[in-house]
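>>> sequence first, then the predicted structure:
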Amino acid sequence: MKACVLNKPYDVGMAEMKTPTPGPREVLVRVKATGLCGSDLHAYRGTHKFRIPPIISGHELAGVVEKIGDDVRLLKEGDRVTVEPWTHCGRCEFCIAGRSNLCTDKVAMGTADWSGSFAEYVTAPEEVTYLLPENVPFEAGALIEPLAASMHAVRRAGTRPGERAVVFGAGAIGLSILLLLKACGIVGCIVTDIEDFKLQLAESLGADRTVNTSTGDLSEEISDFTGGRGADVAFVAAGAGRLLQDATLSLKRGGRIAVPAIFDGPLSVDMFPPVFGEHDILGSWSYTKKDFDIVIDLLSSGTVDPLPLVTHRLPLNEAKRAFSIADKRSENAVKMLFLP
Ligand SMILES: [Zn+2]
Ligand SMILES: [Zn+2]
């Protein structure tokens, strides 16, 4: 099969590889659409903690079951699927409590232990492979993973109808959070970023207001938007240094902050606002089966349409160009998809 291999940092190229064979309770998936994620970019730059070259990167995908291994019970050849790209042990205290994202013995797709989806084929355990409803196109199927990560953050924050939210960062995760907040009955949402084209996209997806934080006055906008009270909930969806502080300053007393972003280094935060205001600061890591199930339902019911996030559709052999665009921000990109 053809695969896009990240040989070493900043060195990515196509290679002919042996098509993997599905082991017991595994399926072989022919990849139809696969998304380039921020974590692939961290791997490309050589800064990711566990996506370390040489690897086949990629973990956001949809495709068709090509072959099944022994003991596969629920899936068959020809099924349209997406994959939750983590295995978990099923036995530790976290797995038993339904928090498999915190499992102490798990493996991620797109690492040396489990080759990723920037290839014609990828294997996956049956237990983390989900049927894609007929009315959900492959491109939307490849967005289920980032939507599930966003759903997890929305659930971590305990978001309720009638609340007002601020989303910091209008990349794929921030915009996915916006879509899910609208679906949850939030009454108002401000989205911030430093790139205008992303803010325009946020507005077209239903953001009530947007603020370019490099030019606009965020505190004034939030105060105006919330009648001086501050927002109920904030999401830090980009790993930029000041955003957590900005989040603490945007909230009302007793508000919550969910943080699905990854930061490159330590932060310096004035903790007085969150202590004085009793803010809950909630880390949010990946997703669980429940997040996948909810997102698949939201897509198949037509409640959420994530396709406007897709700015690039490329064949896999343009991966080198795609990584370079993402790295240098040389084009307006939110979600880039490869269609192998
Ligand atoms: Zn991802
Ligand atoms: Zn476990």
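That came through, no problem. Ligands and ions are numbered 1, 2, ... in the order given.

>>> point me to the residue of the stretch 101-250 of the chain nearest ligand 2.
Distances between the stretch 101-250 of the chain and ligand 2 by C-beta to the ion are smallest at Cys103, namely 3.1 Å. Glycine gets a C-beta too; all of them are placed from N, C-alpha and C.

>>> check contacts around Phe168.
Applying C-beta atoms under 8 Å, 6 or more residues apart in numbering to Phe168 gives the contacts Gly174, Thr192, Ala234, Phe235, Val236, Ala237, Ala238, Leu243, Asp246, Ala247.

>>> ligand 2 contacts on the protein?
Residues of the chain found near ligand 2 (C-beta under 5 Å from the ion) are His88, Cys89, Cys92, Cys95, Cys103.

>>> drop anything exposed from those.
His88, Cys92, Cys95, Cys103 (16 or more other C-beta atoms under 10 Å).

>>> how close does the second one get to Leu314?
With the distance defined as C-beta to C-beta, to the nearest Å, Cys92 ends up 39 Å from Leu314.

>>> okay, and Tyr130 sits in which element?
strand 129-131 (DSSP states H and E).

>>> residue contacts, the nearest residue to Ser100 once chain neighbours are set aside?
For Ser100, the nearest residue in space outside its immediate sequence neighbours is His88; the separation is 4.2 Å by C-beta to C-beta, 6 or more residues apart in numbering. His88 makes contacts with Cys95, Ser100, Asn101, Cys103, Asp105, Lys106, as judged by C-beta under 8 Å, 6+ apart.

>>> same question for His279.
His279 neighbours (C-beta under 8 Å, 6+ apart): Thr248, Leu251, Gly254, Gly255, Arg256, Ile257, Pro273.

>>> do that again at 7 Å, thanks
Thr248, Leu251, Gly255, Arg256, Ile257 (C-beta atoms under 7 Å, 6 or more residues apart in numbering).

>>> name the element the fourth one belongs to?
I take that to be Arg256. Going by DSSP H and E, Arg256 is in strand 251-259.

>>> pull out the buried residues from that strand.
For strand 251-259, by 16+ other C-beta under 10 Å, it's Leu251, Lys252, Gly255, Arg256, Ile257, Ala258, Val259.

>>> how about stretch 203-215?
The neighbour-count check on stretch 203-215 (16+ other C-beta under 10 Å) flags Leu205, Ala207, Asp208, Arg209, Thr210, Val211, Thr213 as buried.

>>> find the pair from the buried residues of strand 251-259 with maximum spatial separation.
Lys252 and Val259 (18.0 Å; C-beta to C-beta).

>>> residue contacts, Val27?
Val65, Ile68, Gly69, Val72, Leu75, Thr123, Ala124, Glu126, Thr129.

>>> so where's the stretch 151-300 of the chain uncertain?
Within the stretch 151-300 of the chain, no stretch has pLDDT under 70.

>>> what is the burial count for the residue of it found nearest ligand 2?
Distances between the stretch 151-300 of the chain and ligand 2 by C-beta to the ion are smallest at Thr288, namely 11.3 Å. Residues lying near Thr288 (other C-beta atoms under 10 Å) number 23.

>>> helices of the stretch 51-200 of the chain, start to end?
All helices of the stretch 51-200 of the chain, identified by DSSP state H, counting those that start in this stretch, fall at 93-96, 138-141, 144-156, 172-183, 196-204.

>>> so which of those gets nearest Pro340?
Using C-beta to C-beta, the nearest of the helices of the stretch 51-200 of the chain to Pro340 is helix 138-141, at 10.6 Å.

>>> and the contacts of the closest one?
Lys32, Ala33, Ala62, Gly63, Thr82, Leu132, Leu299, Pro306, Leu307, Val310, Leu337.

>>> then that helix to CSV, C-alphas only?
Output of helix 138-141 as CSV, limited to C-alpha atoms (Å, rounded to 0.1, in the frame of the first residue of the first chain):
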residue,chain,number,x,y,z
PHE,A,138,-16.7,9.9,4.8
GLU,A,139,-15.5,13.5,5.0
ALA,A,140,-17.7,14.2,8.0
GLY,A,141,-16.8,10.8,9.4
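
>>> pretty sure Val334 contacts Pro308?
No: in this structure Val334 lies outside contact range of Pro308 using C-beta atoms under 7 Å: 8.7 Å.

>>> which of the two has more neighbours?
Val334 (19 against 13).

>>> next, find the distance separating that one from Phe50.
For Val334 relative to Phe50 (C-beta to C-beta), the value is 25 Å.

>>> hey, what's Cys189 bridged with?
Ala165 (DSSP bridges).

>>> residues in contact with it?
Contacts of Cys189 by C-beta under 7 Å, 6+ apart are Ala165, Val167, Leu178, Leu181, Ala207, Asp208.
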